[in-house]
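A.B. asks: Build me a structure from this.
(chains A and B)
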Amino acid sequence: AQRVTQPEKLLSVFKGAPVELKCNYSYSGSPELFWYVQYSRQRLQLLLRHISRESIKGFTADLNKGETSFHLKKPFAQEEDSAMYYCALTFSGGYNKLIFGAGTRLAVHP
Amino acid sequence: GAVVSQHPSWVICKSGTSVKIECRSLDFQATTMFWYRQFPKQSLMLMATSNEGSKATYEQGVEKDKFLINHASLTLSTLTVTSAHPEDSSFYICSAYGTSGLTYEQYFGPGTRLTVT
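C.D. replies: Sure, this is the predicted structure:
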């Protein structure tokens, strides 16, 4: 079965510090990986997807098939990055349904 | 573009009654919509996949007779919680699969908070 694991419930850093939110997945095929963000009192929104290979709001994520990981990184955290981050995947034959990880709360302190 | 709305945003109902939640894609057509449930401080749990004009596909453990889903048009899906009980109290989120013109993705609604008393 497909599974997404985010080992950290909370990641607390100071402004300007590097950030890495971990995500590992289990799926025997080739998944499509996503990072979603949910700011306080706002709806879930797509941050980035691995096939786009782009940087959004300074965040990047690289799919490592060998380690089955899709960690989210940002070199210098900002206070406005404080939010809930969810890693998710879709898979072949899954009809575009998303499998979410448990989420990691990022708290960036001044 | 690609906005999804939900109505109501919150609802309180008595135990034993039924509640209907609407999910609309406002500026795009969505052949597929998804319904999720989110408990406090927890992740989203997929409940069912709703396809326009056909029966919904429910995830394992989700009671289809309790959570009735109808996807009558390309812009509207409804979730009806029948004979609601306090344990059904939760945050229900829908998403619609579509495009704003660039890529296809799931666009999420703001959620509906259901409290059953």
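
A.B. asks: Show me what from chain A comes close to chain B.
C.D. replies: For chain A, the residues found near chain B under the criterion CB under 8 Å from any CB of the partner chain are A:42-46, A:49, A:52, A:86, A:95-103. Placement of C-beta: from N, CA and C, glycine included.

A.B. asks: Just the ones of these in strands?
C.D. replies: Secondary structure defined by DSSP state E assigns A:45-46, A:49, A:86, A:99-100 of the residues of chain A next to chain B to strands.

A.B. asks: does stretch B:14-25 come close to chain A?
C.D. replies: No. For a cut-off given as CB under 8 Å from any CB, stretch B:14-25 has no contacts with chain A; the smallest distance is 12.0 Å.

A.B. asks: Run the chain-centre distance for that stretch.
C.D. replies: On the basis of CA atoms, centre = their mean, to the nearest Å, stretch B:14-25 is displaced by 9 Å from the centre of the chain it belongs to.

A.B. asks: related to what we said a few turns ago, tell me the two of the ones in strands among the residues of chain A next to chain B that are most distant?
C.D. replies: The distance between the two most remote of those (CB to CB) is 17.8 Å, for A:45 and A:99.

A.B. asks: The two: who's more crowded?
C.D. replies: Of the pair residue A:45 and residue A:99, residue A:99 is the one with more neighbours under other CB atoms under 10 Å in any protein chain shown, namely 21 against 13.

A.B. asks: number of nearby residues for the residue of chain B found nearest chain A?
C.D. replies: Going by CB to the nearest CB, chain A is nearest to residue B:108 of chain B, at 4.2 Å. The tally of other residues near residue B:108 (other CB under 10 Å) stands at 24.

A.B. asks: Can you name the residues bridging to it?
C.D. replies: Counting by DSSP bridges, residue B:108 forms beta bridges with residue B:95.

A.B. asks: got any ranges where chain B has weak pLDDT?
C.D. replies: Judged against pLDDT under 70, the low-scoring parts of chain B cover residues B:1.

A.B. asks: so residue A:31 makes contact with residue A:87?
C.D. replies: No. In this structure, residue A:31 is not within contact of residue A:87 by CB atoms under 8 Å, at 10.9 Å.

A.B. asks: residue ranges for the strands of the chain, please.
C.D. replies: Going with chain A. For chain A, applying DSSP E gives strands covering A:3-5, A:10-14, A:19-21, A:24-26, A:32-38, A:45-49, A:60-61, A:72-74, A:83-90, A:99-100, A:104-109.

A.B. asks: wait, chain B
C.D. replies: Read by DSSP E, chain B holds these strands, from start to end of the chain: B:4-7, B:10-13, B:19-25, B:32-38, B:44-51, B:57-58, B:67-73, B:76-81, B:90-99, B:104-108, B:112-116.

A.B. asks: a markdown table please, covering those strands and showing distance to residue A:17.
C.D. replies: As requested, the strands of chain B are arranged in a markdown table below (distance: least, CB to CB, whole Å):
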| stretch | distance to residue A:17 |
| --- | --- |
| strand B:4-7 | 34 |
| strand B:10-13 | 37 |
| strand B:19-25 | 39 |
| strand B:32-38 | 29 |
| strand B:44-51 | 28 |
| strand B:57-58 | 43 |
| strand B:67-73 | 43 |
| strand B:76-81 | 41 |
| strand B:90-99 | 31 |
| strand B:104-108 | 29 |
| strand B:112-116 | 34 |
